[in-house]
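> 3D model of this:
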Amino acid sequence: MSKKIVVTGIGASSPLGGTASESWDALLAGESGVRTIEADWVEQYELPVTFAGQARVQPSEVLERPVAKRLDPSSQFALIAAKEAFADAGAPAIPAERLGVDWATGIGGIWSLLDAWDTLREKGPRRVMPLTVPMLMPNAPAAAISMHFEARAFARTVASACASSTESIANAFEHLQLGLADVVIAGGSEAAIHPITLASFSSMQALSRRNDSPETASRPYNTDRDGFVMGEGAAALVLETEEHALARGAKIYAEIAGGGVTADSYHITANDPEGHGAIRAMKLALSQAGAHPEDVTHINAHATSTPVGDINEYTALLGIFGDRAREIPVSATKAATGHLLGGTGALEAMFTVLAVQHRVAPPTINLVEQDPEIPLTVSGDPQPLGDGPQLAISNSFGFGGHNAVVAIRSYDA
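I've put the predicted structure just below:
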């Protein structure tokens, strides 16, 4: 694999902002996108967790109503992010057969599925919407993007839990290397802030229960971290070969230098405490990048704010970087956004692209007392990365033992 793959467009709808730039600016400013859920069903079901990282701008404020009605919220977020990214890339004029979509979701159209179930129980089968299945299927976001842009090279979907959209970016990298497309819209989306998911994650003791202080609930690496915070939204990257981008005069944010995807084969929810699969994924990403661990200048960590998960990732970082793991500037951006599940990897990859471009590691908010067992270089303020070339990795690990890592290099023509 010898083609250089570059990022020419970015888009996002996140708990921090309705666009990529708004999300980035809020992240650098140390804002939190987590807040109390103002919905009747929180009290109705007596949910033990009453907050989440809800999208700052709801799709209904952006999409035309006839379009939104035919899409589950997960697809709505996907289309919004993809449209922004494609416009940001200069809306490249490209034959439909050379434009592809690599998208991801962890759960899919859960609102469409369970709304339809409620309708069936309460009103009978004739009142169930005929578009229920096309709205709930996990590939619906990829299909919506493909149809909107007439992308006919392919429209592929990854569903590997919290590693999903990092894997979709790694796949896009490989698809461009193989010449299957000239331009790929890659990313992921999730809209799963629903009573059933909140109840389920709460039941397994995975969520923070800081109902009295939602904005400080997600606190990776803090000594009293007590679980992750649900988030929703989407992020999209437009990827293309450097040759194609330069030929059309596109601006270039950064280079996707490599990707690594592995499996733990260890436990359905817990990751391997020795970090073997995570280490292999990081090594694969760096190998594709033609780089070595000592070249890495920044890490966007998975860092969900769970008591065990944060330590396990640190163990994996030690396994590849050794003592230098304690010196590399690390960002744990879920502290600000919550955990977007299948959409989180794409959002964090976008943040990493901007980090290497602007030579700054985003802050990790809510870090009051850092766990002495995780002595990483983490800061509540933005950390300068220096003026030279930058190479970062963005990590994602998911239920089922899925590991995905992308390596992102600063671009200097």
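
> which residue packs closest to residue 136, ignoring adjacent ones?
By the measure of Cβ to Cβ, 6 or more residues apart in numbering, the closest residue to residue 136 outside its immediate chain neighbours is residue 109, 3.6 Å from it. No exception for glycine: its C-beta is placed from N, CA and C like everyone else's.

> Contact partners for the one you found?
Shown in contact with residue 109 (Cβ atoms under 8 Å, 6 or more residues apart in numbering): 72-75, 135-138, 140.

> a markdown table for these, including secondary structure and pLDDT?
Below are these laid out as a markdown table (DSSP: H, G, I helix; E, B strand; the rest coil; pLDDT from 0 to 100):
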| residue | secondary structure | pLDDT |
| --- | --- | --- |
| 72 | coil | 98 |
| 73 | helix | 98 |
| 74 | helix | 98 |
| 75 | helix | 98 |
| 135 | helix | 97 |
| 136 | helix | 97 |
| 137 | coil | 97 |
| 138 | coil | 97 |
| 140 | helix | 98 |
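
> can you pull out the helices in the stretch 101-250 of the chain?
Secondary structure of the stretch 101-250 of the chain (DSSP state H, counting those that start in this stretch): helices at 110-123, 132-136, 140-149, 164-177, 195-203, 242-247.

> Would you point to the one among these that's packed deepest?
Highest mean neighbour count among the helices of the stretch 101-250 of the chain (mean count of other Cβ atoms under 10 Å): helix 164-177, with a mean of 28.

> got the angle between that helix and helix 140-149?
Angle, helix 164-177 to helix 140-149, by axes from the mean of the first three to the mean of the last three Cα atoms, to 10 degrees: 50 degrees.

> Does residue 190 touch residue 233 like I think?
Yes. Counting by Cβ atoms under 8 Å, residue 190 does reach residue 233; the two are 7.2 Å apart.

> Need the residues touching each of these two.
With Cβ under 8 Å, 6+ apart as the test, residue 190 and residue 233 both reach 77, 340, 343.

> ok, now which ones touch the last one?
With contacts defined as Cβ under 8 Å, 6+ apart, residue 343 is in contact with 77, 104-106, 164-165, 187-190, 231-235.

> Keep only those of these that are in strands.
Applying DSSP state E to the contacts of residue 343, the entries found in strands are 104, 187-190, 233-235.

> Closest one to residue 95 out of these, please.
residue 187 (21.8 Å; Cβ to Cβ).

> That closest one contacts residue 236, correct?
Yes. Residue 187 is within contact range of residue 236, at 3.7 Å (criterion: Cβ under 8 Å).

> between these two, what contacts are shared?
11, 78, 81-82, 85, 346.

> now these as TSV including secondary structure, pLDDT and distance to residue 61?
Shown next, in TSV, are the shared contacts of residue 187 and residue 236 (DSSP: H, G, I helix; E, B strand; the rest coil; pLDDT from 0 to 100; distance: Cβ to Cβ, whole Å):
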residue	secondary structure	pLDDT	distance to residue 61
11	strand	98	16
78	helix	98	16
81	helix	98	14
82	helix	98	17
85	helix	98	19
346	helix	98	21
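
> Looking at these, spot the one nearest residue 153.
residue 82 (14.8 Å).

> ok, the closest one - contacts?
With contact set as Cβ under 8 Å, 6+ apart, residue 82 has these partners: 11, 101, 145, 148-149, 185, 187, 234, 236.

> Of all pairs in those residues, which one spans the longest distance?
The distance between the two most remote of these (Cβ to Cβ) is 15.1 Å, for 149 and 234.

> could I get stretch 144-156 in PDB with only the CA atoms?
What follows is stretch 144-156, C-alpha atoms only, in PDB (Å, rounded to 0.1, in the frame of the first residue of the first chain):
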ATOM      1  CA  ALA A 144     -29.100   7.600   3.100                       C
ATOM      2  CA  ILE A 145     -25.700   9.100   2.400                       C
ATOM      3  CA  SER A 146     -25.200   7.000  -0.700                       C
ATOM      4  CA  MET A 147     -28.500   8.000  -2.200                       C
ATOM      5  CA  HIS A 148     -28.100  11.700  -1.300                       C
ATOM      6  CA  PHE A 149     -24.700  12.000  -3.100                       C
ATOM      7  CA  GLU A 150     -25.400   9.300  -5.700                       C
ATOM      8  CA  ALA A 151     -22.400   7.400  -4.400                       C
ATOM      9  CA  ARG A 152     -22.300   4.100  -6.300                       C
ATOM     10  CA  ALA A 153     -18.800   2.700  -5.800                       C
ATOM     11  CA  PHE A 154     -20.100   1.100  -2.600                       C
ATOM     12  CA  ALA A 155     -22.000   1.900   0.600                       C
ATOM     13  CA  ARG A 156     -20.700  -0.300   3.400                       C
END
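
> which of the shared contacts of residue 187 and residue 236 tops the neighbour count?
Neighbour counts for the shared contacts of residue 187 and residue 236 (other Cβ atoms under 10 Å) peak at residue 78, which has 38 neighbours.

> That one is in contact with residue 143, isn't it?
No. Applying Cβ under 8 Å as the test, residue 78 and residue 143 come out as separate, 9.7 Å apart.
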